[in-house]
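*Asks:* A structural model of the following input is requested.
(chains A, B and C, ligands or ions: 2)
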Amino acid sequence: MTSRATASTDGVVASGTQAVIRAVGLTKVYGRVRAVDGVSFEIAHGESFGLLGPNGAGKSTTMRIIGGTLQRTGGVMTVAGLDPAESGPEVRAHLGVVPQEDNLDEELSVRDNLIMYGRYFGLPYAYLRPKADELLEFAQLAEWAKAKVGDLSGGMKRRLTIARSLVNEPQVLLLDEPTTGLDPQARHVLWDRLFRLKEAGVTLVVTTHFMDEAEQLCDRLVVMDHGRIMAEGTPRELIRGYSTREVLEVRFGAEHNAVAAERLADVGSRLEVLPDRLLIYADDGDAALRQVAARGLSPITSLVRRSSLEDVFLRLTGRSLID
Amino acid sequence: MADQDLSHAGASGPPGYAVADLTRLAASGGVPDAAVLARRARRWGWWYYIEYWLVNAKAWAVSIGLYMVVMPLVYLIALGLGLGLLVDRGVGTVGGSGGSGGVPYLTFVGPALLVATVVMSVGGELTYPVMAGFKWRRLYWAPRATPVSPQQIAVGHLGGVLIRFVLQSTVFWVMLLLFHAAPSGWSWLTVPVGVLTAAAFGAPLQAYAAHLTDEGYQFAFVQRFVIMPMFLFAGTFFPLSVMPVYLQWIGWISPVWHGTQLARQAAYGAVEPLWLTLVHLAVLLLFTSVGVALARRTYARRLGR
Amino acid sequence: MSTLARPRGRRLAGLYGRNTRAVLERGFKVIKNQNWVVMLSGFFEPVFYLLAMGLGLGGLVGSVPGPGGHPIAYTAYIAPALLAASAMNGAVYDSTWNVFFKLRFAKIYHAMLQTSLGPMDIALGEITMALFRGLLYAVGFMVVMLVMGLVTSRWAVLMIPVAVLIALGFASLGMAVTSFLKSFQQMDIVALTLLPMFLFSSTLFPISVFPAAIQWLVMALPLWHGIELMRDLAVGHLAPATAWHALYFVVLSVLGIWFTAVRLRALFLR
Ligand SMILES: Nc1ncnc2c1ncn2[C@@H]1O[C@H](COP(=O)(O)OP(=O)(O)OP(=O)(O)O)[C@@H](O)[C@H]1O
Ligand SMILES: [Mg+2]
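*Replies:* Ligands and ions are numbered 1, 2, ... in the order given. Okay, here's the model as predicted:
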């Protein structure tokens, strides 16, 4: 076992800074839909990389191209220096994949799901049997080992899928919305485990719709929309670049928001009209609130908070959805 | 910059939804009183489900249509004409009552094939799709969330399937005419006989399928140990009397045999005592009514009353 | 030499993880867990046909001209044909319906393809499983034929490998066809093309009943060759034609496997 692990480590990264995953001008076309449209990025060894974007942005498509389970239309893609389209099995030997939709084997028991999946990597039973028990422990599914997959709840299936992705001790984990369907406890447990895996040198590629998750997990992220990359950076860089230090949220009631917005257009450095409230971006939120009051407007509720990734996301992708 | 935001955002609703007038959406006045809807559903719910079934079946229209045309052609050419040549030249005769003359093999086997192929198709329509309704595609749960009752869903599914078999039997009957395989003026009666036999086998099968909760491996058994033997041993290709007596019970308990015998009377005036004809009819009606009752009960149980 | 060998080796490398064994292990595990009874029950299908058509109808038909024109009992005439047809049906079912279901609904292959398995491993594994099943049924059917006294030649033992060869031809072809299919509806149409092939390929009656044009058509279809081959072996009537029938299936299998290999990306990586 150890020899396998060391051998593959050498294969994946020559030096600590070299990119494990590199995409240049990546493109995937489905008929007339350009699901991924000229995307380029690099992910370094040991990095935790996030892909954000609204529904249909092309995140899952990108993830599947990385694993070589989907043929790309154009562009360059390398994982550990190999092209997944040409060396699929070699590339995937390094990968752990959590797909957006669980694809557990309904005809096998919970434990056999882990063991057979390991067999697909060519791992021996002597390794897999204890590993399966360890992973069941990890997923808190030990007492379900003999159950049929169909009898698990949605969240339990998700945990099993995540555990399954670790069976080959992957160098790179591809997690497509890993925490969808998990309860808050399970979510925090998973974050903790992923963080520890990262400390152990595992590279993480994560897509998520939870901005708190992205902020927690990702060293660096890209925001995608319509198959293109809209922005790239660390969470802090993105917040600094695309938002202000603070945000003032005010509500005037659905009917009055638009009218109020017109009168507040020049307050703060930017203003966003959401269906139910106005967001005023300003470095000093309290000062902005005083300005609102000074114009004779009294919101039903008001809140001053620090800018978050959610603000960046809405700014980058919100408008293009409204278009 | 902010102006731009306003002009875009003000015009439409939340991202991803284009709703201009929420009041209209919530209460346009087009929906009758709940009591009225409930009354309608109580009366017509089964038909609403048939409509739903028909819409779902549209995706299958081409393949089912092809099947309805190709299958009788192939069976009549191969088994009626091809095999018929062997039998007619062979050592035995068919279709005569109690040892008398007999009819061409095509005439003998034609109406029987109508009934047998319809019953084989029942095996496809009321097994996996029923399980899909409860479990795989959960098609039953959408109507279940409306005033339509589980019993009506059961009846509606059977009803939709029977509409298919009206068509299928009719096409087959027309083929029989084209092959000159149905000399009697009453041969059109093979169509209702085909549909009745489909119901007699289909309703109990639907009840059985509804009662299964796992993956449906049982259907392979039904296919192999019920439908196939019925097709092969229940008087379709040779009279029951050709088989040893200890195997003839297979015919007696099979809807296929009862339907086949009725279809033969209709198609070429096969002679049978009146009491036997009545027994055929009674058996088919009994199978149907017991099956429907069981299916209604099982659907009610599984869809939570 | 190495320049020739390399691209070919690499092309395969992208699709082949050299671990077909794991796919087989999964197949056997599933069979062991739950559906071995179902699988075994498939053996009864041709047997029922043989009993009904052979014993029931055979009483009406009498004897028919067999290989070389010698008359043989109707039951002995259809038995080898039913073995060939059942090899075809099982292989086609496994390589179309089963593969399509696992691809689209059970998502078994999605999971497999996340690992270091490639499409080639899956295709080989599934075809091998289909052959295994064909082998089991063929052995069972041979036993039935022995018991019924329908085996009159030592050559008949070759019917077992021939059944596997027929299964290989149809399974590899079926898998290539599946790569073009998009819905269960189209799957039904595949089944519909098998029915005339089953009924017209001299399974239940000689093709001499047809006009010459239709006879030629039938003789182009694979099942007819399989059936004729089986019949020759069953009675030990070996003629040059016997070898041609066998060659037909060898070529069909090679083409089928090649076709499947070409279509692997379209089948699994979509
Ligand atoms: N198999 C397919 N055939 C045709 N179009 C597809 C297919 N898969 C994805 N698409 C299209 O590609 C685009 C990107 O889809 P993708 O699944 O990558 O989005 P995503 O970013 O993962 O979205 P989500 O957040 O909803 O998971 C969408 O427009 C989708 O409709
Ligand atoms: Mg996605």
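*Asks:* any idea how far C:G174 is from the residue in the stretch 51-200 of chain B positioned nearest to ligand 2?
*Replies:* Distance from ligand 2 to each residue of the stretch 51-200 of chain B (CB to the ion) is smallest for B:R137, at 22.0 Å. (Each C-beta comes from the backbone N, C-alpha and C, glycine too.) Distance of B:R137 to C:G174, given as CB to CB, to the nearest Å: 25 Å.
*Asks:* give me the neighbour count for A:N257.
*Replies:* Applying other CB atoms under 10 Å in any protein chain shown, we find 20 residues neighbouring A:N257.
*Asks:* list the contacts for it?
*Replies:* Contacts for A:N257 (CB atoms under 8 Å, 6 or more residues apart in numbering or on different chains) come out as A:251, A:273, A:276-278.
*Asks:* next one: A:V97 from A:S48, what distance?
*Replies:* A:V97 is 16 Å from A:S48, by CB to CB.
*Asks:* more crowded one of those two?
*Replies:* A:V97 (26 against 23).
*Asks:* where's the more buried one, which helix or strand?
*Replies:* A:V97 is part of strand A:95-98 when elements are defined by DSSP states H and E.
*Asks:* how is chain A carved up into domains?
*Replies:* A:19-239, A:244-306 (automatic domain parsing).
*Asks:* which one's the longest helix in chain A?
*Replies:* In chain A, assigned by DSSP state H, the helix with the most residues is helix A:184-199.
*Asks:* hey, C-alpha coordinates of that one in PDB?
*Replies:* Extracted C-alpha coordinates of helix A:184-199, given in PDB (Å, rounded to 0.1, in the frame of the first residue of the first chain):
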ATOM      1  CA  PRO A 184     -26.000  21.200  10.000                       C
ATOM      2  CA  GLN A 185     -24.000  18.800  12.300                       C
ATOM      3  CA  ALA A 186     -23.000  16.600   9.400                       C
ATOM      4  CA  ARG A 187     -22.000  19.700   7.400                       C
ATOM      5  CA  HIS A 188     -19.700  20.900  10.200                       C
ATOM      6  CA  VAL A 189     -18.200  17.500  10.600                       C
ATOM      7  CA  LEU A 190     -17.500  17.300   6.900                       C
ATOM      8  CA  TRP A 191     -15.900  20.700   6.900                       C
ATOM      9  CA  ASP A 192     -13.600  19.700   9.700                       C
ATOM     10  CA  ARG A 193     -12.700  16.400   7.900                       C
ATOM     11  CA  LEU A 194     -12.000  18.200   4.600                       C
ATOM     12  CA  PHE A 195      -9.900  20.700   6.400                       C
ATOM     13  CA  ARG A 196      -7.800  18.000   7.900                       C
ATOM     14  CA  LEU A 197      -7.400  16.200   4.600                       C
ATOM     15  CA  LYS A 198      -6.200  19.500   3.100                       C
ATOM     16  CA  GLU A 199      -3.700  19.700   5.900                       C
END
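*Asks:* quick one: the helix or strand that it is followed by to helix A:184-199, angle?
*Replies:* Next along the chain after helix A:184-199, taking DSSP H and E as the criterion, comes strand A:203-207. Calculated by axes from the mean of the first three to the mean of the last three CA atoms, to 10 degrees, strand A:203-207 forms an angle of 140 degrees with helix A:184-199.
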